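K.L.:
pasting the sequence and the predicted coordinates here, then a few questions.
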Amino acid sequence: MGKKFKKFLEFVVDKIWTINLTTFATVALGAFLLVPIDLYVFPLMDTKFETLAIGLALAISGSIAEWRGYAPRFLKIPIWLYGMGVSLIGLFPAWSWAGILIPTGGVLGLAVLILLILYIQETLAWNRARALPKNSEGERPG
């Protein structure tokens with residue numbers, strides 16, 4: 001093997017290709033959440049909500065794993081993010097373009113709202129810091 005190929009292979013293994021055991025456990029947890037619901041409560045796998053159900057199961061199981069402190073990743077992307085993407089894809093057959101655009105707009109609107117709140121908090125903190133009196137050395141406390 002050439003040196004360049006060996007370097008490239010090390011780069012792919014170290015930086016790009018990341019699958020850990022928690023990824024497999026998280027996907028299995030998603031299946032364990034979905035299969036009993038499909039068999040005993042409501043048959044989801046025979047309807048147009050199949051992709052939506054799989055995406056939600058991935059998102060829920062990935063969120064639970066992240067919340068418990070594990071980091072299930074596939075190609076450096078969290079499993080819950082894959083679940084959200086699959087859920088959006090699953091909304092298209094059910095509600096056409098509105099099924100994709102409305103949730104995407106809601107998520108983007110929520111992100112803008114969070115950024116706006118953080119900006120206001122930071123501005124208020126800077127204004128409070130500037131209003132503090134200077135001490136004898138010309139420095140503000142804190």
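P.N.:
Okay, I see it.

K.L.:
center of the protein, which residue is that?
P.N.:
In the chain, the residue lying closest to the centroid (Cα atoms, centre = their mean) is residue 81, at 3.7 Å.

K.L.:
show me what contacts that one?
P.N.:
Residue 81 sits next to residue 62 when contact means Cβ atoms under 8 Å, 6 or more residues apart in numbering. Every residue, glycine included, has its C-beta placed from N, CA and C.

K.L.:
what segments of the protein are helices?
P.N.:
For the chain, the helices defined by DSSP state H cover 3-11, 21-36, 50-67, 79-131.

K.L.:
winner for burial among those?
P.N.:
Most buried of the helices of the chain, by mean neighbour count (mean count of other Cβ atoms under 10 Å): helix 50-67, with a mean of 20.

K.L.:
got the angle for that one vs helix 79-131?
P.N.:
Helix 50-67 runs at 50 degrees relative to helix 79-131, counting by axes from the mean of the first three to the mean of the last three Cα atoms, to 10 degrees.

K.L.:
who touches helix 50-67?
P.N.:
Residues from elsewhere that reach helix 50-67 (Cβ under 8 Å, 6+ apart): 22, 25-27, 29-31, 33-34, 37-38, 44-45, 71-72, 78-91, 93-94.

K.L.:
let's go with 6 Å and repeat that
P.N.:
Helix 50-67 has contacts (Cβ atoms under 6 Å, 6 or more residues apart in numbering) with 22, 26, 29-30, 33-34, 44, 72, 79-80, 82-84, 86-87, 89-90.

K.L.:
now do that helix: distance to the chain's middle.
P.N.:
Distance of helix 50-67 from its chain centroid, counting by Cα atoms, centre = their mean, to the nearest Å, is 10 Å.
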